[in-house]
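Colleague: Sharing a sequence plus its predicted fold:
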Amino acid sequence: CDMNWREYPMARLLLPLLLGIGTEAIGQEWLQWVAIIAFTLLMALLAFWQKPGWRFSRRWWFGLVLNLCFFLFGILRAHFHDERRHPCYPGASPDRKSIILGRVSELQPTASKLRLSVAIQAAADTTGMLQTAVGSIIVYVDVTAGSRQLHAGDVLLLNAKRLPVQGALNPQAFDYRRYLHYQNVHLQAFVEENDWKLLAHRPSLATRARELRRFYLQVLKRHLPTNNEYAVAAALILGNKADLSDETRNAYAHTGAMHVLAVSGLHVGIIQLLVSFLLGLLRLPWRQWTLVRTLLLLASIWAFALLTGASPSVLRAATLFSFLSIGQAMKRRANIYNTLAASACLLLCIDPYLLFNIGFQLSYLAVLGIVYFQPVFYRQWYIQNRAGDYLWKLLAVSLAAQLTTLPLSLYYFHQFPLYFWLSGLIVVPAAALILSAGLALFALHLVPVVGMAVGKLLYGIIWTVNALVFLIQQIPGGLIEGFWVGKAATCLLYLILLGVVLARESRNFKWVLAALGCLLIVAALHATREVQVHHQQALVVYHVPRATALTLFEGKQAGLAGSEGLSDKQLEYACQNHQWYRRARLPASQPLSGKAHGHGWWYRRGALQYGAHRLLVVQDEGHLPGGAGLRVDVVLLCNGVDIKLEQLLEKVDFRLVLIDGSNPPWTARTWREQARSLGIECHYTAEDGAWMQEW
C-alpha cells in the first residue's frame, strides 16, 4: 500500500520545526535577522494567499511556504528562548561579588555542598543598585544548620560572584556546560555561610508539588526499611533517583531495566488506566459526566506529572495521553502518529530545548517503535496459550522499543545490555504492581492495619524484582561496553531504519537500495576509523581533581600512569569515554614512581620518552636531576611541589610547563605568573582542559 502523507498533517509540520530548532543550535548570530525578515514576508504571503485567481494546481506552493514558516519559527523560537537574549539578563561577574535576589526552585545535596537552582529576580548592576533581572543560576552553599532548613520556594539574598559554567575539561567527557545550556542555565556561584540570607518563603505550584513529594518519600521510608527497596520505590513511583546506590543503578542499567526507574510513558499510562478504571466504576447518570470524567482524568495525569518532577519524558507522556483522552471524550479516533507529532509540536513550542534532552528523544523514539514495530513482531508468532501470548506481547514491546532507541543509546551510553528482553518480562508487569501498591499506600498509610499490610506487600514486590534484576546481572556476557558511534553514523543508522519502514509500506525496492547505501557508508566510516586507530600515537594528560593521570596511546594499546590513590571512579569519569573513542584497551593504572614500556616509548620514575619527545614528571624535588643540562620538551608539575620555575630552569631545559589537577589552584596561579614572566608556554588543565600531543 502507498503511504498517504495527508493523513499526518502534524507530522509533516513537525519536521521543519525540528530542523529549525536544530539549525539555530549550530547557526550564527546573523541567522536570527535573516529568519525574522523571511518569516515576516512569508506570513504576509500566507495572509494574502486566498486571492482570486490562484489555481488549485498551485496548492503545493502553500505547503512549501507553510513548511518554511515552521522552519523559520523553529529558528526564532529557539533563539529567543535562550535566557541570555533577554534584555534583563544579568550576565557573569567573575571578578567581583554582587548582590543577587532570587527564589529557590530546587535543592539537591552533593558530596560536600548543597546545590540550589535559583531563579534570579533582581541583580546588582555595576553601580551596586538592584535592578530587575531574569535568568537562572546554580548556587553551591556549605552544608550548615542554616542551609539544612532551606526549602524550594525560599527567597534568598546572595552576595557572590556570578561565574560562567565550565565546559568539559577532558576529551569526549560529559559536557556539563552544554547540559546546563539546554536547561537554560548559564551561571553558577559558590556562596560562603555569611554571604546568603533567607528573606521569605513563597512557594509556587511546582514547589508545593515538591513538598508533597518529600512528604510521600517519608511515607515510603517508614514502610520500606532497606535502602535498595526504598530507593527503587522512590524512583519508580515518585521520580526521585537521588537515593539509588551505584550498585543498584549498575544492576538496572546493565540489564536494560533502567527505563523503569525513570518515570515516563509506562507510568503515565498505568495512571490513566487506574483512574479510568476507578471512574468507570462510578457511572453517574449526569448529562455532563463525560466532561467531568475527562477533566478528572486530565487532572490526575498532570498531578502525577507535577508530583514526579515534570521531566521531559513525563511531559511527553502527559501531553500525549491528554490528547488521547480528549479525543476519546469527543468520540474521535485520532491517528496515533498525528497525536504524537502534535504533542511534540506543543512541547517544543513551549520549550524548544527539549529537543536536545536525552529523555525526550528516547521517549518519543520508544513510543514510535512500540506503535509501529510491536504489531509487526507480534504477528510473526501466534501463541494459543494465554500466558505465553502475554509474555510474547511483552517481549514484542521490548524488541520494538529497543530497535528504535538502539542507535541513540549507543551514541549516548556506549553499551548494549543483551538481556534487556529478559529483564523486560519482569520489570514491566512489576512496575504496574509497584505503582498501584505505592499509590494505595499513599492513600491508606494512616489506616493502621491496612496501611502496614500494603507497605509489606510493596516491600515484597520490590525485593523480589531487585533480587531477579541482580540475578540477571550475574549471567555472563550480559553487557557489551565500549561502543563509539558518532553523530554521522547515528543519523545513518536511523536513515537505514527509515528506509526499511518506507520499503515495507510502499513496496518499492528503491528504499531498500537507499537503506543499503546508508549501510555501505556506515561500513566505510567504520573502516576509515579503524585505519586511523591502527596508526594512532598520542599522549594525553587528563584533568583529574586532586590527582594525576596520563595515558599514552599506541594503536589499540595504551599505557596509563597515575598518582597513588587514583580511584576507578575518577578514571572512569576522566578518561573512559576517550579510551572508547580511541578503541584502546586501557590497563590498570601504574604508579608515577614505577616503570613501563611499549613499542615506541618507555617510562621510568617520572621520565617519559615517546617518539622523539621527552616529558618529565615532577612530584617532588627527588625527581629532579642532580646536575644541570637535562633537555626535555615538557615538564609536568604535580602535587603542589615546592619549587619555583626559575630553580627548575637551572637544572632542566624545557619549552612547556604542564600543571594538572593535583595542584592547589593558588599554586597553579603562581606558576602561571612565573611562566608568563619567563616567556615559557604554560598549560593548566583546570582552565585549559586536558593536554594532548599526537605524533
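Modeller: Nice, thanks for sending it over.
Colleague: Break the protein into its domains for me.
Modeller: 5-81, 85-203, 268-356, 487-534, 537-694 (automatic domain parsing).
Colleague: and R213, which of those is closest to it?
Modeller: Closest to R213 of these is domain 268-356 (Cβ to Cβ; 5.6 Å). Where you see a C-beta, it was placed from the backbone N, CA and C, and this is true even at glycine.
Colleague: Can I get the domains of the chain in TSV including mean pLDDT?
Modeller: Output for these, formatted as TSV (pLDDT from 0 to 100):
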stretch	mean pLDDT
domain 5-81	75
domain 85-203	90
domain 268-356	85
domain 487-534	93
domain 537-694	87
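Colleague: need those in TSV with distance to L418 and mean neighbour count, can you?
Modeller: Listed next are the domains of the chain as TSV, based on distance: least, Cβ to Cβ, whole Å; neighbours: other Cβ atoms under 10 Å:
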stretch	distance to L418	mean neighbour count
domain 5-81	32	15
domain 85-203	24	16
domain 268-356	24	17
domain 487-534	18	15
domain 537-694	18	17
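Colleague: Among these, which comes closest to A430?
Modeller: Distance to A430, taken as Cβ to Cβ, is lowest for domain 268-356 among these, at 11.4 Å.
Colleague: Quick one: end-to-end distance for that closest one.
Modeller: End-to-end distance for domain 268-356, by Cα to Cα, to the nearest Å: 22 Å.
Colleague: And that domain, how far out from the chain middle?
Modeller: Offset of domain 268-356 from its chain centre (Cα atoms, centre = their mean, to the nearest Å): 25 Å.
Colleague: thinking again about what came up before, now the domains of the chain in CSV, with distance to R214?
Modeller: Listed next are the domains of the chain as CSV, based on distance: least, Cβ to Cβ, whole Å:
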stretch, distance to R214
domain 5-81, 30
domain 85-203, 9
domain 268-356, 11
domain 487-534, 39
domain 537-694, 29
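Colleague: Tell me the strands beside the strand ranked longest in the chain, with direction?
Modeller: If you go by DSSP state E, the chain has its longest strand at strand 93-109. Taking DSSP bridges as the criterion, strand 93-109 sits next to strand 113-124 (antiparallel), strand 154-164 (antiparallel) in its sheet.
Colleague: Distance to L365 added to those, as a markdown table?
Modeller: Shown next, in a markdown table, are the strands paired with strand 93-109 (distance: least, Cβ to Cβ, whole Å):
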| stretch | distance to L365 |
| --- | --- |
| strand 113-124 | 28 |
| strand 154-164 | 33 |
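Colleague: List the contacts of the residue nearest to the spatial centre of the chain.
Modeller: In the chain, the C-alpha closest to the average C-alpha coordinate belongs to I358, at a distance of 5.0 Å (Cα atoms, centre = their mean). By Cβ atoms under 8 Å, 6 or more residues apart in numbering, I358 lies in contact with L408, Y412.
Colleague: hmm, back to that, out of the domains of the chain, which is closest to Q474?
Modeller: domain 537-694 (19.9 Å).
Colleague: Give me the distance between that closest one and the centre of its chain.
Modeller: Offset of domain 537-694 from its chain centre (Cα atoms, centre = their mean): 31 Å.
Colleague: Stretch 197-217 now?
Modeller: Offset of stretch 197-217 from its chain centre (Cα atoms, centre = their mean): 25 Å.
Colleague: mind starting the numbering at 267 from now?
Modeller: Happy to do that; since the first residue is 267 now, the last one works out to stretch 463-483.
Colleague: dump the residue contacts of Y685.
Modeller: T521, G522, I738, I741, G744 are the contacts of Y685 under Cβ under 8 Å, 6+ apart.
Colleague: Let me know how buried the closest residue to the first one other than its chain neighbours is, in neighbour terms.
Modeller: For T521, ignoring the flanking residues on the chain, the nearest one in space by Cβ to Cβ, 6 or more residues apart in numbering is S689 at 4.2 Å. Taking other Cβ atoms under 10 Å as the neighbour definition, S689 ends up with a count of 26.
Colleague: Specify the beta-bridge partners of the closest residue to G368 other than its chain neighbours.
Modeller: Distances taken as Cβ to Cβ, 6+ apart place V384 nearest to G368, at 4.0 Å, with adjacent residues excluded. Beta bridges link V384 to V370, I403, judged by DSSP bridges.
Colleague: give me every residue that touches the nearest residue to S383 once chain neighbours are set aside.
Modeller: Among residues not flanking S383 along the chain, E372 sits closest, at 4.1 Å (Cβ to Cβ, 6+ apart). Each residue near E372 by Cβ under 8 Å, 6+ apart is listed here: L382, S383, A418, R476.
Colleague: again, 10 Å this time
Modeller: Counting by Cβ atoms under 10 Å, 6 or more residues apart in numbering, E372 touches R381, L382, S383, V384, A385, I404, A418, A472, T473, R476, G575.
Colleague: Okay, G717 and A696: tell me how far apart.
Modeller: Per Cβ to Cβ, to the nearest Å, G717 is found 21 Å from A696.
Colleague: Now V923. Its backbone dihedrals?
Modeller: Phi and psi for V923, reported as degrees, to the nearest 10, are phi -110, psi 130.
Colleague: Please look at it and E947 and confirm they touch.
Modeller: Yes. Applying Cβ atoms under 10 Å as the test, V923 and E947 come out as touching, 7.3 Å apart.
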